[in-house]
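K.L.:
Provide a 3D model corresponding to the input given below.
(3 chains)
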Amino acid sequence: MSEKKKLSIVSFSGDFDKSIAVFTLATGAAAVGYETNIFFTFWGLNTVKLKKGRYPLGKGVLDRTFNVLMGGFRNLPLSRLNFFGASPVLMTHMMKKNNVATLPELVDAAKALNVNFYACEMAMHILGVKKDDLIPEIKEVLGVAKFLENADGGEVLFI
Amino acid sequence: MSEKKKLSIVSFSGDFDKSIAVFTLATGAAAVGYETNIFFTFWGLNTVKLKKGRYPLGKGVLDRTFNVLMGGFRNLPLSRLNFFGASPVLMTHMMKKNNVATLPELVDAAKALNVNFYACEMAMHILGVKKDDLIPEIKEVLGVAKFLENADGGEVLFI
Amino acid sequence: MSEKKKLSIVSFSGDFDKSIAVFTLATGAAAVGYETNIFFTFWGLNTVKLKKGRYPLGKGVLDRTFNVLMGGFRNLPLSRLNFFGASPVLMTHMMKKNNVATLPELVDAAKALNVNFYACEMAMHILGVKKDDLIPEIKEVLGVAKFLENADGGEVLFI
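P.N.:
Take a look at the predicted model:
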């Protein structure tokens, strides 16, 4: 193909380790010239929400319940192990020790490399999240059809 | 490409939220003209099983054990949070409140939009599930090779 | 396309059932002529580590902690259910009873079918894993860019 290569990732899980996978793949692809899209949906929205206090997302009581359940960016759980909150801290420690970029560093690198951030319209409706609740780097709030259009012709991963 | 666009989803997880993702992506793609395939395997078979009582799938004791572990369509767990069964109920409530299609509505929409439902032969063998245990909309029971053939040339997601 | 068809799988999860999915898809694809790549990362590295005693991976105390958390090949958990370690045993029993290849058989089949095994450089850095800790069938230790290059033009799954 003569077109630019493309990688699109649906970031569904807000798990700490899977979020690292999302941003490692995204920055790795963008660094070698791929057009890279991340579509944040469901728990994945957690990685791109603003930290304006304890319950940054949503307004209603039900929404808040969900958002409390979701936890914050600092508290993303591991997909497999989360003993007393020790594992993400341990993992970050090991990433630093071994000179691997940490999650906030990966997010910053993704911004710098012009990775496109999109947020899922339907998940935002379900969870009562507004665009203002998310980081300004979110380029657009999209539905599935538009996401597929953006992803067309490239690789797509669901993480 | 001049061919029809195609999206194929391996529905592996029977989690409530991931099932919503499967059907949202499938209906969204089908609505904009994609040929759409869902290949139900392992716990994903749960979303397409008939409800004929408490232990609808399988015959043997071991099979039953698995099926009890698998739970029923009404009891699909969330991938991340399932406090006392409250979360799927809460989520369905929020979907209704926010005018988002619920899971049974999404399944119906997928049928209406001619999304192709396939069931995984090997997972059915392991779990002792027969074709008669599944909803009649299952078009065919397939192995991996046939699934790949159907998926060829399109996007493939594992959810 | 006149090129050989290609399937590349990112094996992220070390879960027992997802590992079965990885190797079933890989062997199924390889058997019908696909060039097939598996890129083992994070917990997925567990499925390809050598068993040299109780703590086969890593050297430091932190690394060991992680490796203990990761468990061994014989103890891969199920993604959804793992009651007292019974489920993987039960599942293997059912696989044998129903004449379905078990996980070690699937791994052997993948080797025989020339499925390419790759290990993720970054995850090995984080977890303190060396190439010598992994099975000799690992063809190469790769970063994201090289993995994408290998996967280019084919289907990619994240499991």
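K.L.:
you'd agree residue A:26 is up against residue A:38?
P.N.:
Yes: using C-beta atoms under 8 Å, residue A:26 is in contact with residue A:38, at 5.7 Å. Using the backbone N, CA and C atoms, a C-beta is placed for each residue, glycine as well.
K.L.:
shared neighbours of the two, anything?
P.N.:
Here residue A:26 and residue A:38 have A:9, A:110, A:115 as joint contacts, going by C-beta atoms under 8 Å, 6 or more residues apart in numbering or on different chains.
K.L.:
now the residues you listed in TSV, with secondary structure and pLDDT?
P.N.:
Converted to TSV, the shared contacts of residue A:26 and residue A:38 look like this (DSSP: H, G, I helix; E, B strand; the rest coil; pLDDT from 0 to 100):
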residue	secondary structure	pLDDT
A:9	strand	98
A:110	helix	94
A:115	coil	97
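K.L.:
following the helix or strand bottoming out on mean pLDDT in chain A, which helix or strand comes up?
P.N.:
In chain A, no helix or strand scores lower on mean pLDDT, DSSP states H and E than helix A:61-70, which sits at a mean of 48. Sequence order places helix A:86-97 as the next helix or strand after helix A:61-70, per DSSP states H and E.
K.L.:
for that following helix, packing partners?
P.N.:
Packing partners of helix A:86-97 (3 or more C-beta pairs under 8 Å, 6 or more residues apart in numbering or on different chains; DSSP states H and E): helix A:16-31, helix C:61-70, helix C:121-127.
K.L.:
Any idea how many residues pack against residue A:131?
P.N.:
By other C-beta atoms under 10 Å in any protein chain shown, 12 other residues sit near residue A:131.
K.L.:
ok, now which ones touch the nearest residue to it once chain neighbours are set aside?
P.N.:
Nearest non-adjacent residue to residue A:131, counting by C-beta to C-beta, 6 or more residues apart in numbering or on different chains: residue A:141, 5.7 Å away. Residues in contact with residue A:141 (C-beta under 8 Å, 6+ apart) are A:118-121, A:124, A:131.
K.L.:
count of neighbours near residue A:98?
P.N.:
Using other C-beta under 10 Å as the criterion, residue A:98 is surrounded by 16 other residues.
K.L.:
That one and chain C: what is the separation?
P.N.:
5 Å (C-beta to the nearest C-beta, to the nearest Å).
K.L.:
My guess is that residue contacts residue C:123. True?
P.N.:
No: if you go by C-beta under 8 Å, residue A:98 and residue C:123 don't touch, sitting 10.4 Å apart.
K.L.:
picking that back up, buried ones among the contacts of residue A:141?
P.N.:
With burial judged by 16 or more other C-beta atoms under 10 Å in any protein chain shown, the buried subset of those is A:118-121, A:124.
K.L.:
ok, and the closest non-adjacent residue to residue A:11?
P.N.:
In space, residue A:11 is closest to residue A:44, 3.5 Å off (C-beta to C-beta, 6+ apart).
K.L.:
Assign the one you found to helix, strand or coil.
P.N.:
Three-state assignment for residue A:44 (DSSP: H, G, I helix; E, B strand; the rest coil): helix.
K.L.:
Could you report the pLDDT at it?
P.N.:
At residue A:44, the model reports a pLDDT of 92.
K.L.:
now swap in residue A:123 and tell me
P.N.:
On pLDDT, residue A:123 comes in at 90.
K.L.:
Show me the shaky parts of chain A.
P.N.:
Where chain A drops to pLDDT under 70, the residues are A:1-3, A:51-87.
K.L.:
Could you pick out the residues of it near chain C for me?
P.N.:
Residues of chain A lying close to chain C by C-beta under 8 Å from any C-beta of the partner chain are A:5, A:7, A:17-18, A:21, A:24-25, A:27-29, A:31-32, A:34, A:79-81, A:83, A:87, A:90-91, A:93-95, A:97-100, A:155-159.
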